[in-house]
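Q: Just to be clear, the model below is a prediction. Sequence and coordinates:
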Amino acid sequence: AQSVTQLGSHVSVSEGALVLLRCNYSSSVPPYLFWYVQYPNQGLQLLLKYTTGATLVKGINGFEAEFKKSETSFHLTKPSAHMSDAAEYFCAVSRGGGADGLTFGKGTHLIIQP
Amino acid sequence: EAGVAQSPRYKIIEKRQSVAFWCNPISGHATLYWYQQILGQGPKLLIQFQNNGVVDDSQLPKDRFSAERLKGVDSTLKIQPAKLEDSAVYLCASSFGLAGGNEQFFGPGTRLTVL
């Protein structure tokens, strides 16, 4: 079984400050890891994903994440927050066993202070 | 390229009634997923199809939920009878193949309220 833990249901940062959203996972097989963003009244949009290879993954809108196997973590960062980054962020891991449905964390609501 | 389409966008029913949701995936996408997102939680996988076959339905409450994907394209998810705890957003997603790591594209969801 796989699981995802996102630390902090709400994170508040000032505009221009570093964004750090934490994600830890458990998986019995090498995981595929994802970050999705959900804007109000919109569907989920993929920010970035890790499958194999380079452990530092760059995504859209200036976000990046680093896969750290020893820490079972996949934290999401952005050097400088923008007001438009305010949204719900979900970390997810792909299920194993031949099926690739996603197991999501509970989400982190990112608040940007002007 | 058109995205994943879902209808209706909103539905309000009373408990014990039946309801059905429809999903049209992105053209050419063989894999289709249904997720349930309860308020304040992340989406939970209900069922995954590859073409018109079921790959994973281990988390589908089969006593009241059913889903089909006839002809390997459109899909419907049905709840009969609905319970109060079924109030949620039902998300449909599709991806090109079955290999792990494929991006899943999500539709806007159907918001179900059970009174």
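A: Looks like it arrived, so ask away. Residues are numbered from 1 along each chain as shown, chains lettered A, B, ... in the order given.
Q: close to chain A, is stretch B:28-36?
A: Yes. Stretch B:28-36 lies within reach of chain A by Cβ under 8 Å from any Cβ of the partner chain, at B:31, B:33, B:35. Where you see a C-beta, it was placed from the backbone N, CA and C, and this is true even at glycine.
Q: what sits against the residue of chain A found nearest chain B?
A: Here the residue of chain A nearest chain B is A:Phe104; by Cβ to the nearest Cβ that distance is 3.1 Å. Residues in contact with A:Phe104 (Cβ atoms under 8 Å, 6 or more residues apart in numbering or on different chains) are A:4, A:36, A:90-92, B:42-44.
Q: got it, and B:Arg69?
A: Contacts for B:Arg69 (Cβ under 8 Å, 6+ apart) come out as B:32, B:49, B:51-52, B:75.
Q: for A:His10, same thing?
A: A:108-109, A:111.
Q: Grab the nearest non-local neighbour of the closest residue to chain A within chain B.
A: Ranked by Cβ to the nearest Cβ, the top residue of chain B for proximity to chain A is B:Gly42, at 3.1 Å. The shortest distance from B:Gly42 to any non-neighbouring residue, by Cβ to Cβ, 6 or more residues apart in numbering or on different chains, is to A:Phe104 (3.1 Å).
Q: just to revisit the earlier point, and for the residue of chain B closest to chain A, the neighbour number?
A: 22 (other Cβ atoms under 10 Å in any protein chain shown).
Q: Then A:Gly59?
A: With other Cβ under 10 Å as criterion, A:Gly59 counts 17.
Q: how far out from the middle of the chain is stretch A:51-60?
A: 12 Å (Cα atoms, centre = their mean, to the nearest Å).
Q: so where's the chain uncertain?
A: In the absence of a named chain, chain A is used. Scanning chain A for pLDDT under 70 picks out A:95-98.
Q: Not quite, go with chain B.
A: B:1, B:98-100.
Q: Hmm, B:Arg16 is touching B:Ala82, no?
A: Yes. The pair B:Arg16 / B:Ala82 is scored as a contact, 6.7 Å apart, by Cβ atoms under 8 Å.
Q: of those two, who's got more company?
A: B:Ala82 (23 against 10).
Q: Might you enumerate the residues of chain B proximal to chain A?
A: So chain B meets chain A at B:3-4, B:31, B:33, B:35, B:40-45, B:48, B:55-56, B:91, B:93, B:95, B:98-109 (Cβ under 8 Å from any Cβ).
Q: circling back to that earlier point, which one of the contacts of A:Phe104 is nearest A:Ala17?
A: A:Cys91 (20.6 Å; Cβ to Cβ).
Q: Okay, now the sheet partners of whatever helix or strand the closest one lives in, with direction.
A: Per DSSP states H and E: A:Cys91 is located in strand A:87-94. With DSSP bridges as the test, strand A:87-94 is paired with strand A:33-38 (antiparallel), strand A:102-104 (antiparallel), strand A:108-113 (antiparallel).
Q: Would you map the strands across chain A?
A: Applying DSSP state E to chain A gives strands spanning A:3-7, A:10-14, A:19-26, A:33-38, A:44-50, A:56-58, A:64-68, A:73-78, A:87-94, A:102-104, A:108-113.
Q: got it, and chain B?
A: B:5-7, B:10-13, B:19-24, B:31-37, B:44-50, B:53-56, B:65-68, B:75-79, B:88-95, B:105-106, B:110-114.
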